[in-house]
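K.L.:
Fold the following.
(chains A, B, C and D)
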Number of protein chains: 2
Amino acid sequence: MRIRTIAAAARAAEVNVETIRFYERRGLIAHPARPGHGPRHYPEETIARLRFIREAQSLGFTLAEIAELLDLRADPSADCADVRSRAVARREDVRIKIARLERIGAALDALIATCPSRGSLGACTILDAIEHPIAREAAPSPADPTEQRQPEGVSTMKTTTFAIDGMHCEGCAETVRGLLEHEAGVKAVQVGHAPGSARVLFDPAIIDENRLTATIERPGYRVTAVK
Amino acid sequence: MRIRTIAAAARAAEVNVETIRFYERRGLIAHPARPGHGPRHYPEETIARLRFIREAQSLGFTLAEIAELLDLRADPSADCADVRSRAVARREDVRIKIARLERIGAALDALIATCPSRGSLGACTILDAIEHPIAREAAPSPADPTEQRQPEGVSTMKTTTFAIDGMHCEGCAETVRGLLEHEAGVKAVQVGHAPGSARVLFDPAIIDENRLTATIERPGYRVTAVK
DNA sequence: ATCCGCTCCGTACCATAGTACGGAGTCAAG
DNA sequence: CTTGACTCCGTACTATGGTACGGAGCGGAT
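P.N.:
Next up, the predicted model:
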């Protein structure tokens, strides 16, 4: 149990010296008393605390949450359920973040899939789609979703949402997305499992809902609603 | 095409007045010339630009990336591939973020699963696990992953990874996780689909790999490797 | 005796995406 | 002719998690 100066403590806990000072200011770790005019030394307990902070951070806890956990740890009247509820809240937060990213990823996939990958920007489907958003899942439209706003220039296109049964995982959704994207006349596809649904932007002059339904049902899924 | 003051423009684009000023400072939108001493007015094009920014933001693009997209849009020599590559990069970024969050979620699940949910903190498995991390997936261990570092106090525990076939969706993974968690002697479980795998921390004095394999295969999955 | 490396401390700065505030001006209605 | 609503502009502040800088002091080696 050798005496550690701040630099040695930082090496031991694999953090930056400035980070230790920062945590001291934030009250996450104690600021050890200074022996006379010499350098402060950091006990093993502080190193453990630093490691705890690092570990909790890797689980996505914020410093504020970590401060709470550290307080709980030192509180003899604290209950294990207090800790658990924080972990559960964190888990829920992670779930929400993943869901949001998955929606973003699906939207990007749809954009990328429709891109011709070459040529001038006049016909860039990606910029086009950002300029004229088709469906805003975030902002609930006051109008009936059946009657999508049809921006000029894409007025011949049609958007339809299919409710799909039996499509429970991301892999299934990918399969359906791939099938739909390869149909002629399909311009953009968004597929989500949980609940199973596919939103398709297509040219009704080339393909129709019946053909799309057949495409979705080919691998064994069932379209339960078309809207 | 009525003339819009900043407040009207903000309402039209569904952003804050201060946000418009902020974007002007960042150079994302033009700062319209001021007619004499009267208020500036914002053309329809700026409203469209604001909507474009909002839309791109909802896809996760940062303001810096959006500035690039806006520049590309105005550049007659720009190619569609330039736009596409940015969308693809964004997609990749989203994929990485999801993967990281999924790792965090799995780790939290494992912690929550082992928690007795009541009692004093002396035996809090969650705090315990944060204090004594079992396996650092972030920091690649130099040792063979078979031989996990065994922190003191958990030395009787064993960690085994099962490769599982047929488990392709999150729902399946949940099923397996639930089954494993309810086996006596199992302390922590991490399950992932794509590729199907389960990492189980268990007490070899209570349960063994054969029992665990049987548990996983009960609903119809196949364990293809045990390590 | 002086330089190096380390420490201590306060303060400022980074990115990100805004939000808030305060003072001054303008315009229309009451 | 005052009040209220709006505008303009600069500056400061929010949260998050640090990083960097500069001056001062201290101990050991050269």
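K.L.:
going forward, measure contacts and count neighbours with C-alpha atoms only.
P.N.:
Will do.
K.L.:
what's the average pLDDT for whichever strand or helix holds A:Leu101?
P.N.:
For A:Leu101, the host element (DSSP states H and E) is helix A:80-114. Averaged over helix A:80-114, pLDDT sits at 92.
K.L.:
From B:His193, how far out is the residue of chain A most remote from its centre?
P.N.:
Computed with CA atoms, centre = their mean, the residue of chain A farthest from its C-alpha average is A:Gly36, at 51.1 Å. From A:Gly36 across to B:His193, the span is 58 Å (CA to CA, to the nearest Å).
K.L.:
again with A:Lys97
P.N.:
A:Lys97 is 19 Å from B:His193, by CA to CA.
K.L.:
can you check A:Ala198 too?
P.N.:
Counting by CA to CA - A:Ala198 and B:His193 are separated by 22 Å.
K.L.:
hmm, back to that, higher neighbour count, A:Lys97 and B:His193?
P.N.:
B:His193 (22 against 16; other CA atoms under 10 Å in any protein chain shown).
K.L.:
For burial, what's the neighbour tally of A:Tyr42?
P.N.:
21.
K.L.:
so what's it bridging to?
P.N.:
A:Arg4 (DSSP bridges).
K.L.:
okay but it is in contact with A:Ile6, surely?
P.N.:
Yes. If you go by CA atoms under 8 Å, A:Tyr42 and A:Ile6 touch, sitting 6.7 Å apart.
K.L.:
right, and the helix or strand after the helix or strand bottoming out on mean pLDDT in chain A?
P.N.:
Sorting the helices and strands of chain A by mean pLDDT, DSSP states H and E puts helix A:170-181 at the bottom, at a mean of 73. Reading on from helix A:170-181 to the C-terminus, the next helix or strand found by DSSP H and E is strand A:186-192.
K.L.:
what ranges do the strands span in chain A?
P.N.:
Residue ranges of the strands in chain A, as given by DSSP state E, are A:158-165, A:186-192, A:197-202, A:222-226.
K.L.:
Using a markdown table, lay out those together with mean pLDDT, distance to A:Arg211 and mean neighbour count.
P.N.:
Formatted as a markdown table, the strands of chain A follow (pLDDT from 0 to 100; distance: least, CA to CA, whole Å; neighbours: other CA atoms under 10 Å in any protein chain shown):
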| stretch | mean pLDDT | distance to A:Arg211 | mean neighbour count |
| --- | --- | --- | --- |
| strand A:158-165 | 82 | 12 | 21 |
| strand A:186-192 | 76 | 11 | 24 |
| strand A:197-202 | 81 | 11 | 22 |
| strand A:222-226 | 87 | 12 | 16 |
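K.L.:
which parts of chain A sit against DNA strand D?
P.N.:
A:15-16, A:18-19, A:22, A:37-38, A:57, A:61-64 (CA under 7 Å from any atom of the strand).
K.L.:
Cool, thanks, signing off.
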